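Asker: here are the coordinates; sequence isn't available:
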């Protein structure tokens, strides 16, 4: 292209547009631009059509998130209770409970014997059976307390 043709293109907008439209690369770029614009419009339309569905899913996710939070809190509470229930007892606490239970079994057997004597008990075998059960319980608890005492 000569210098005068170039000056004519620069000074004449219509001539420049005509020249550019004749170039195949420019035509391809225009087609590409139009296809991209069309695809963008189609995508935007599809996105708008799905907007309500996305909002309902977001609401559902928030509800599930709150449920999960609530369930996690419940789990943590239950897990703390489980840990407290399965934790080995303190030796001093166990000693105190065993000593109290030992005394209770001894008092029960003594009261049973006193009641039997006062009532003029007649069935000796029933008395011995019940009395021995409570005394064995008393001695079992005493032995456990003694073993615990040795571990301290």
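Answerer: Thanks, I have it. Quick caveat: nothing in here was measured; it's all calculated off a predicted structure.

Asker: helices along the protein, start to end?
Answerer: Listed in chain order, the helices found in the chain under DSSP state H are 3-11, 13-22, 24-86, 91-118, 124-151.

Asker: switch those over to JSON lines; also include mean pLDDT.
Answerer: Shown next, in JSON lines, are the helices of the chain (pLDDT from 0 to 100):
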{"stretch": "helix 3-11", "mean pLDDT": "79"}
{"stretch": "helix 13-22", "mean pLDDT": "80"}
{"stretch": "helix 24-86", "mean pLDDT": "94"}
{"stretch": "helix 91-118", "mean pLDDT": "91"}
{"stretch": "helix 124-151", "mean pLDDT": "91"}
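
Asker: tabulate these in TSV, adding columns for mean neighbour count.
Answerer: Placement of C-beta: from N, CA and C, glycine included. Formatted as TSV, the helices of the chain follow (neighbours: other Cβ atoms under 10 Å):
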stretch	mean neighbour count
helix 3-11	11
helix 13-22	12
helix 24-86	10
helix 91-118	14
helix 124-151	14
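
Asker: where's residue 55 relative to residue 44, distance?
Answerer: Residue 55 sits 17 Å away from residue 44, going by Cβ to Cβ, to the nearest Å.
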